[in-house]
Structures are given as structure tokens and as C-alpha cells.
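**Student:** have a look at this prediction, sequence included:
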Amino acid sequence: MIDIPIEALVAGLIFLVLLSAFFSASETAMMRINRYRLRHLVRDGHHGALRVHALLERPDRLIGIILLGNNFVNILASSITTIIALRYLGEAWIAIAAGLLTLVILIFAEVAPKTMAAAYPERVAFPGAIILVPLLWVFYPAVWVINAIANTLLRMVGLSPLEGDMQQLSSEELRSVVNEAGTLIPKRHQKMLINILDLEKVTVDDIMIPRNEIVGIDLNTDLNEIVTLLARCQYSHLPLYRDDVNNVLGILHTRQVLPLLAKERLDQQALIKSADEPYFVPEGTPLNTQLLKFQRQKRRVALIVDEYGEVEGLVTLEDILEEIVGEFSTNYSSTISDIHPQEDGSYLVDGGANIRELNRSMHWVLPVDGPKTLNGLMLEAMESIPEGAASVRIVGYVIEIVQSSENAIKVARIIPPADKQDLGLRT
């Protein structure tokens, strides 16, 4: 090697630095690449993604070939630098040449290529795999020996190199991924995805129509009153019962009544024959579970019962879908009709308004982990029903009693906080 021209030695040194940069960039790009996007590209048949995925299936072998190549070229570059220093500069320059080579490798073969690879992992990993795959085949025996020794050392300390290749995301981590997607996912779609993840935290009790608000058909009432109810009702499914909703006989689809009305054959027995069997679900059922039950049972309406079998309320498939996509119905009982804005910036709200729907409609943050209605929230905070005017502050919202009865708060005035960031604590 002493007889090799200086030009060849310098050219070889530059080539080795470039090789070192390639191995450094490839290592960072392979480890930095988005595994979920990679899987998507693999399903689409992307050739570069297929090669990278094959390499990442055994990360120990991938790291082995990269470090083998990187260390070899760095050591060879150091040897060439030493020869150049001895031949043209003298022994005193060996340490200086080593220091200069270290600086060159650090900048041009480590920091710069790794920074670029971290910023653009796919642009580096896909073409890099074209070189790494055949290199792994050529030097497989050496890589196998290195991996065998390294893996044995890892197992001696209780670690397995093949575990944890692809960590699964928790729901909270997935929620963070969706929130940080930026322009990749439209804001409305982000909100829908977050709502889907939140279904497991919400139960049927949170969105049900309370028992006292259920609109149904009492078969003991006059037939003319039943016809009037059917003509004016805006719901498509109505429970049939006798005297009390706990004695429910079925769920009637109003569309099934139209042929009976046209043929003037409508009576109580015809209504019972046209109705479907009632479908009951226990209170506390998470919405994601109930959504799957609706799908399996081919149902759209369910009655919620407590541990004693008493009907607590009614939930529909549309109610669950609205938790995902937002309001899309025009029910006359919508929470919007329970809210009356005032000139002073406050709002008069019906005491029976559902808190979740209030938050969704008005973008408020009233607590939803306890009572389901505004009346229940105020009674929990006050621990009694005041006889006269009274107010309470709940997470920054001032809520005043406007009208009450002996057993409930009928109307309340809500004054939202001036600064929604300063919401305080429930008092």
C-alpha cells in the first residue's frame, strides 16, 4: 500500500467516508421509519417498502450488517489516514491526522447523514435497502456469528432481541397520533376518530332518553288518541306498553302502521302483531359494546334496565352514531330548544337538559362523570333543593336557580366563565 499513489489514497479515503455516511444514514432511517405507514405501503406492493419490511423483521441482523460495514470502513479510513501522514507528513502528524479524520467522520459521516435520514427516513431507507439486502446475503456468515454472540449476551441478562419488534399503541397513544396528524387528516375527521375512541368511556346511561321522556303508545288509551299520537309523532320507533313502560309489549316501527291505517284495520291487537319483541340492555353498557350488539341483533332501539329490571330509559342506534359524527337529527326535543340565550350573555336552560348534549352544543366543559342532567348536577353540588333563589359555581360556570319545584330544578341560568381557560374546580 506504500506504493499506492497519493491521489488513489485520497480518493479511497473520500469513498470510505461516503460509505460510512451511507451506513450511518441507513441505520437511522431504518429505525426512524414509520412502521404503520410501512405496513400500508407493503400492502400496496411498494417494492422499497417490501425490502425494508423484510430487513426490519430481523432487526438484529439489520443492525449487524450496518455496524459491520460501518466499523470496517471507519477502521480502513483510519489506516489510510495513518499511511498518508507517515508517508508525506511524518510521525508527528499521525495524531493530528487522526483528529482531523475524527472531525470529518463526525460531521460528514455521522451528524449530517443521520440528521437527513431522521428528517426523510423513507427517501433514505428505500434506496438504502437495495444495497443492504445483497450485502446481508454476502456477509451473512459473519453477521450470523456476531448476532449469535450478541444475542447470547442479551439472553444472559434476561432480554430477548426478537421481542418488542412492533409495540402496540394504547387508545391514549392512538388519540395523540390522531390529534397530531395535522393537515394529514381533516379536523372533522379527527374529531370523529377521537369520538370513536371515546365510545368505550361513555355508557348508554349518558345518552339515553330518560324514562319520563320516553314517547310510547299506551294500549289502554283510546284508539283515536293513539292515531293522533302516530300522526304527530316524529319518532320512527315507539314502545308499546300497558299502563306503565315497565310493562312493555314490543317496539313498533311507525312505517308498519301505514298499511293498517290505509285499510282501516288499526286496533290494539293489530299494533301488538306489528311490533317487534322488546330489546333490553343493562345500564352501564359502554357505547362501543352496544354498537356491536345493535349490529349483531339487527336492532335500532333498546330499553335500558337497572339491576331490578326497571326501565331506566331508551337508547337508539342514531343516538350512538351522533356521538361519533355529531348531531344530524331534527328532533323537536333537541337540547338546542332547551337553551335560550339572554342579552347579558347568560343562558336559560331547562333543568332536564342532558349535560353531554349541552357540552356538545355549546362547547362547554361541564362535568359528565356524575349526574346526567343539569338538574342532577346542581342537586349534587347543593346537596338539597333550595326553597328560594340560589346559585352554585361548577368548574367556573355560575348556575342560578330560576324556577324549581318541590323535587326538581325546572329552569336554571348558566353564566359561562369569561375566560374558558380559567375553569377552576367544582365548588
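**Tutor:** That came in fine, so what should we check first? Residues are numbered from 1 along each chain as shown.

**Student:** got the contact list for the nearest residue to Ile131 once chain neighbours are set aside?
**Tutor:** Of all residues not flanking Ile131 in the chain, Phe22 sits nearest, at 7.4 Å (CB to CB, 6 or more residues apart in numbering). The way it works is simple: take the backbone N, C-alpha and C, and place the C-beta from them, glycine included. Residues near Phe22 by CB atoms under 8 Å, 6 or more residues apart in numbering: Pro113, Gly128, Ile131.

**Student:** secondary structure class for the first one?
**Tutor:** Three-state assignment for Pro113 (DSSP: H, G, I helix; E, B strand; the rest coil): helix.

**Student:** quick check, it in contact with Ala21.
**Tutor:** Yes: contact status for Pro113 versus Ala21: in contact at 4.3 Å, counting by CB atoms under 8 Å.

**Student:** please report how far Val202 lies from Leu136.
**Tutor:** For Val202, the distance to Leu136 (CB to CB, to the nearest Å) stands at 50 Å.

**Student:** now Pro5
**Tutor:** Using CB to CB, Pro5 is found at 34 Å from Leu136.

**Student:** more neighbours: those two, which one.
**Tutor:** When Pro5 and Leu136 are compared on other CB atoms under 10 Å, the one with more neighbours turns out to be Leu136, at 21 against 8.

**Student:** can you list the domains in the chain?
**Tutor:** Using automatic domain parsing, the domains assigned to the chain come out as 6-156, 171-200, 202-322, 335-415.

**Student:** would you work out how far apart the start and end of the third one are?
**Tutor:** So the one you mean is domain 202-322. In domain 202-322, first residue to last residue: 13 Å (CA to CA, to the nearest Å).

**Student:** ok, and the closest non-adjacent residue to the most centrally placed residue in the chain?
**Tutor:** Centroid-nearest residue in the chain: Arg175, 3.4 Å away (criterion: CA atoms, centre = their mean). Closest residue to Arg175 apart from its sequence neighbours, by CB to CB, 6+ apart: Leu197 at 5.4 Å.

**Student:** so who does that neighbour touch?
**Tutor:** Contacts of Leu197 (CB under 8 Å, 6+ apart): Ser171, Leu174, Arg175, Val178.

**Student:** for the helix or strand of the chain with the lowest mean pLDDT, packing partners?
**Tutor:** One helix or strand of the chain scores below all others by mean pLDDT, DSSP states H and E: helix 258-262, with a mean of 76. The contact analysis (3 or more CB pairs under 8 Å, 6 or more residues apart in numbering; DSSP states H and E) places helix 258-262 against helix 268-274.

**Student:** output the contacting helices and strands for the helix it packs on.
**Tutor:** Packed against helix 268-274 by the contact rule (3+ CB pairs under 8 Å, 6+ apart) you find strand 244-253, helix 258-262.
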